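Visitor: please find the sequence and the predicted model below.
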Amino acid sequence: MATYYKFAEREADSFVNWAEIGKGLTDMLQEQTKIREDKKAAIDQVTRENLKSLAEAPTGDHTGLNTWSLEYADNARQAILLQDRLLKSGALKLKDYTVMRQNLNDGTDELFSVIKNYQNAFKEKRDRMVSNDPKNKSQAFEMDLMAYSEQFGDFSKSKAIIDPNNFMVNVGIMEPDPENKGVMKVGKMIAPAGFLKKIQNTKVDYFDSNGAADTASKSFGAFAESAIQDLSRLQGKVVTIEDVRKRPGYEEAINDELNSFFSNPFNMTSILTNDLVKDNNGKAYVSNISGKEGNVIQYVFDPQTNYYKPMLTAEQEQDARDYMRRKIEQRLDIKIKEDPFNKPQPRVVKAEPKPSGPPIDLQKEFLTKVKQKTGLSEGAFDISASKTAKNLQEVLVTIPGGTQFSVVPNKREEGLVNLMQGDQVVSSFDVKGINQNTKKLYLNQFSEIISNLAGYNGMTDYLSRSGGLTQSQTGTGGVQQSGGLNYSDF
């Protein structure tokens with residue numbers, strides 16, 4: 001007899017819902033398909049936009065420019081279509097495709113920008129070159145670079161090319177192909193479109209060396225030194241010289257200024273090419289970019305800045321520093337001030353305890369006779385230097401010892417009269433614009449001088465010959481020189 005076994009009843013949720021799983025898989029595949037289709041549509045849209053921009057390549061009245069631009073646009077169009085085919089066939093990864101397409105787009109924009117802006121950029125740089133405004137003036141290197149880029153703008157000798165490895169846009173100079181007569185090929189002179197655009201947009205400013213020297217010269221503090229010099233037995237002078245270059249630490253200070261200016265090497269090249277222009281041998285300072293002969297300044301391409309930087313020799317750097325130092329020091333005034341003074345004269349007294357020296361009455365009588373005989377007065381000091389010299393000379397020849405001296409106008413300074421003993425200046429009188437008070441002062445000074453010159457014996461001898469000298473005035477002592485006059489007694 002057969003025996004039957006019952007099936008165990010399963011719970012409902014223990015069954016696999018294949019219908020739901022199938023729907024989920026279908027939705028996922030449809031979403032991935034949609035994403036792919038969206039990416040494809042986006043790529044196609046970008047491609048259409050790129051092709052449209054190429055159709056708008058810059059043209060004008062220049063036949064060579066039109067041919068040049070349209071030829072590049074056709075090459076770029078083919079490059080875009082090639083990128084799309086490689087991507088859709090799976091031969092090109094999306095990441096690589098994106099980089100290559102961006103290189104091509106950027107290069108195209110830069111190239112078309114260079115073409116459109118060339119004339120305006122050239123005019124701006126030419127105006128900066130001839131400008132007299134230091135704040136809007138260029139140095140020579142800016143125009144050298146513009147002339148360099150101009151070679152690539154000669155549409156009969158250049159060609160825009162696309163690098164097939166990375167799709168970057170360059171411009172190359174055409175040259176004859178030695179293996180194919182009559183055929184031109186791209187030579188070794190190749191420049192990226194981005195570099196040509198940077199040349200157009202970058203300014204290489206002139207360094208205002210005059211303004212910098214003015215600022216530097218005002219940063220140094222004043223410094224003065226004084227010394228006493230003898231002029232004669234009766235006079236001396238204090239000479240004060242203000243010269244900041246003699247200040248301790250001056251060398252360090254001016255070198256700090258120069259280092260500050262030349263932390264930017266283009267300031268040195270500006271001085272060499274725009275200020276000095278030529279070296280000590282008469283050779284013009286020129287850049288290696290210009291292709292000219294002379295004292296060549298080397299500029300090397302710096303990939304970090306996508307631009308050139310100067311590499312100066314030690315001699316070129318020193319020439320720039322020496323020039324700037326001279327500019328600064330020309331503005332550092334050297335001031336010399338001279339202050340003359342009368343030396344104090346010793347009093348000579350005799351050994352007796354009682355006061356000695358010629359009596360004041362004797363000096364007054366002597367000067368009175370001199371004035372009467374020569375007409376010495378304040379009027380002797382005239383605004384005319386030559387007339388004053390003549391008046392005082394007539395007085396000197398009448399007094400004892402006076403012939404050892406002379407009075408002459410100063411040849412270098414107008415209005416100045418010098419009392420000379422040989423080649424030495426004993427005293428000076430400035431009669432230019434003289435007033436009454438100064439005349440009185442000069443009269444007293446000159447009176448004391450001739451009194452000292454005459455001495456005691458000279459006075460008594462002079463008065464004896466002139467008459468009017470009394471016994472009480474002559475005295476009996478042997479005094480040789482008085483101690484000076486009291487001007488208030490006259």
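Guide: Nice, thanks for sending it over. Numbering: from 1, shown residues only.
Visitor: can you map out the helices along the stretch 101-250 of the chain?
Guide: Counting by DSSP state H, counting those that start in this stretch, the stretch 101-250 of the chain has helices at residues 140-152, 193-201, 209-217, 250-261.
Visitor: relative to Lys309, which of the ones you listed is closest?
Guide: helix 140-152 (10.8 Å; CB to CB). Where C-beta positions appear, they are placed from N, C-alpha and C, glycine not excepted.
Visitor: returning to that earlier point: output the helices of the stretch 101-250 of the chain in a markdown table; the columns should cover mean pLDDT and distance to Gln298.
Guide: What follows is the helices of the stretch 101-250 of the chain, written out as a markdown table (pLDDT from 0 to 100; distance: least, CB to CB, whole Å):
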| stretch | mean pLDDT | distance to Gln298 |
| --- | --- | --- |
| helix 140-152 | 86 | 12 |
| helix 193-201 | 85 | 18 |
| helix 209-217 | 92 | 22 |
| helix 250-261 | 91 | 21 |
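Visitor: let me know which of the ones you listed is the nearest to Leu272.
Guide: Across those, closest to Leu272 is helix 140-152 (CB to CB), at 8.9 Å.
Visitor: can you list the low-confidence ranges for the stretch 151-300 of the chain?
Guide: 223-224 (pLDDT under 70).
Visitor: Ile297 is nearest to which of the helices of the stretch 101-250 of the chain?
Guide: Using CB to CB, the helices of the stretch 101-250 of the chain put helix 140-152 closest to Ile297, at 8.0 Å.
Visitor: now do the buried residues in that closest one.
Guide: The neighbour-count check on helix 140-152 (16 or more other CB atoms under 10 Å) flags Ala140, Phe141, Glu142, Met143, Asp144, Leu145, Met146, Tyr148, Ser149, Phe152 as buried.
Visitor: how about the residues you listed in JSON lines, adding distance to Ile450?
Guide: As requested, those are exported to JSON lines (distance: CB to CB, whole Å):
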{"residue": "Ala140", "distance to Ile450": "71"}
{"residue": "Phe141", "distance to Ile450": "74"}
{"residue": "Glu142", "distance to Ile450": "75"}
{"residue": "Met143", "distance to Ile450": "76"}
{"residue": "Asp144", "distance to Ile450": "77"}
{"residue": "Leu145", "distance to Ile450": "80"}
{"residue": "Met146", "distance to Ile450": "81"}
{"residue": "Tyr148", "distance to Ile450": "84"}
{"residue": "Ser149", "distance to Ile450": "86"}
{"residue": "Phe152", "distance to Ile450": "91"}
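Visitor: return the member of these nearest to Leu332.
Guide: Out of the buried residues of helix 140-152, the member with the shortest distance to Leu332 (by CB to CB) is Ala140, at 29.5 Å.
Visitor: please name the nearest non-neighbouring residue to the closest one.
Guide: In space, and not counting its chain neighbours, Ala140 is closest to Thr273: 4.0 Å by CB to CB, 6 or more residues apart in numbering.
Visitor: about what we covered before: let me know the closest of the buried residues of helix 140-152 to Tyr72.
Guide: So of those, ranked by how close each gets to Tyr72 (CB to CB), first place is Phe152, at 12.5 Å.
Visitor: got a list of what the closest one touches?
Guide: Ser158, Val171, Ile173, Ala191, Leu196 (CB atoms under 8 Å, 6 or more residues apart in numbering).
Visitor: how about Asn410?
Guide: Ala385, Leu416, Val417, Asn418, Ser428.
Visitor: with Glu378 instead?
Guide: Gln436, Lys439, Lys440, Tyr442, Leu443.
Visitor: tally of neighbours for the fourth one?
Guide: Neighbours of Tyr442 under the rule other CB atoms under 10 Å: 21.
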